[in-house]
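K.L.:
the sequence and its predicted three-dimensional model are supplied below.
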Amino acid sequence: MRDSSLIQLMWLASPALPIGGFSYSECLEAAVDSAQVATESEASNWLLDQLELSLARSDLALLAQAIPAWQAADAGRIATLNAWALQTRESSELRAQTEQMGRSLLEWLRNHTTAKPAQIELLANGQPTYPIAFALAASSTAAPLRDCLLAYAFGWAENMVQAAIKSVPLGQSAGQRILSRLAAEIPAVVDHALAATDDTRQAFAPMLAILSAQHEVQYSRLFRS
């Protein structure tokens, strides 16, 4: 991979990217509030399950199909994949998350040099979702598809570990141990996502949906999801 492509992927995966990812726990906070996650071990297991059972089968699989669609300028395919992302968000706050982060990433791209204005407007004219906006950003880096998915997964892992540190709460060393465990599993998860098809791609995580609905009315919370 060229140096410029690697740098662009590192940039996209950075928690410092101004798209608001740090403000979401993706229901982890609700799991903490209901005493399902109270220790480092429980937080590690929770996030590993989410990586393998949710992210690998949905967003990463979606990304694996959306990046080639952007590169082929297949507007119909992009619209179909974006609609799937919207339809599979099972609560209002999960849908709000993907829409807010999608819009914010598009605004970032307007001031960047990778995506073409026509591509940005194609997505902006609808209801952009974060995975499809990320796919647009990644498609312009010239990085290999697998590396794009690795970057997305690691960026997700970093954000979620930070959410665990704040909400459980945990120390920084515990957070690094959890991140190390997630990082070790990411390559296999990415390979699973790359092998997914329209028929095998899925978004089925009932407990996350239930916790998200509970989080929406949770008395006290730090995160928006």
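P.N.:
Looks like it came in fine.

K.L.:
mind listing what's buried along the helix or strand bottoming out on mean pLDDT in the chain?
P.N.:
Here the helix or strand of the chain ranked lowest by mean pLDDT, DSSP states H and E is helix 117-124, holding a mean of 86. For helix 117-124, the neighbour count (16 or more other C-beta atoms under 10 Å) marks Gln119, Ile120, Leu122, Leu123, Ala124 as buried. The C-beta positions use only the backbone N, C-alpha and C, and glycine is treated the same way.

K.L.:
ok, and the closest non-adjacent residue to the first one?
P.N.:
With sequence-adjacent residues excluded and distances taken as C-beta to C-beta, 6 or more residues apart in numbering, Gln119 is closest to Leu136, at 5.8 Å.

K.L.:
so that neighbour makes contact with Ala69?
P.N.:
No: counting by C-beta atoms under 8 Å, Leu136 does not reach Ala69; the two are 9.6 Å apart.

K.L.:
just want to know which of these two has more residues nearby.
P.N.:
Each of Leu136 and Ala69 has its neighbours counted (other C-beta atoms under 10 Å); Leu136 has more, 27 against 21.

K.L.:
who touches that one in this structure?
P.N.:
Contacts for Leu136 (C-beta atoms under 8 Å, 6 or more residues apart in numbering) come out as Ala66, Trp70, Leu106, Leu109, Ala115, Gln119, Ile120, Leu123.

K.L.:
of those residues, which is the nearest to Val189?
P.N.:
Distance to Val189, by C-beta to C-beta, is smallest for Ala66 among those, at 17.1 Å.

K.L.:
what is the neighbour count of that closest one?
P.N.:
29.

K.L.:
the closest residue to it other than its chain neighbours sits in which helix or strand?
P.N.:
Leaving aside its chain neighbours, Ala66 sits nearest to Ala135 (3.5 Å; criterion: C-beta to C-beta, 6+ apart). Here Ala135 sits within helix 130-139, counting by DSSP states H and E.

K.L.:
what packs against whatever helix or strand comes next after that helix?
P.N.:
Remark: after helix 130-139, the chain's next helix or strand is helix 145-167, criterion DSSP H and E. Where contact means 3 or more C-beta pairs under 8 Å, 6 or more residues apart in numbering; DSSP states H and E, helix 145-167 is packed against helix 3-13, helix 28-33, helix 40-50, helix 59-71, helix 130-139, helix 172-194.

K.L.:
any idea which of those helices is most buried?
P.N.:
Compared across those, helix 130-139 shows the largest average neighbour count, a mean of 26 (mean count of other C-beta atoms under 10 Å).

K.L.:
average model confidence for that helix?
P.N.:
Per-residue pLDDT over helix 130-139 has a mean of 96.

K.L.:
for that helix, list the C-alpha coordinates in CSV.
P.N.:
Extracted in CSV, the C-alpha atoms of helix 130-139 (Å, rounded to 0.1, in the frame of the first residue of the first chain):
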residue,chain,number,x,y,z
TYR,A,130,-22.0,6.3,8.3
PRO,A,131,-20.9,3.0,6.6
ILE,A,132,-21.7,4.3,3.2
ALA,A,133,-20.1,7.7,3.8
PHE,A,134,-17.0,5.9,5.1
ALA,A,135,-17.0,3.7,2.0
LEU,A,136,-17.0,6.8,-0.1
ALA,A,137,-14.0,8.2,1.8
ALA,A,138,-12.2,4.9,1.7
SER,A,139,-12.9,4.3,-2.0
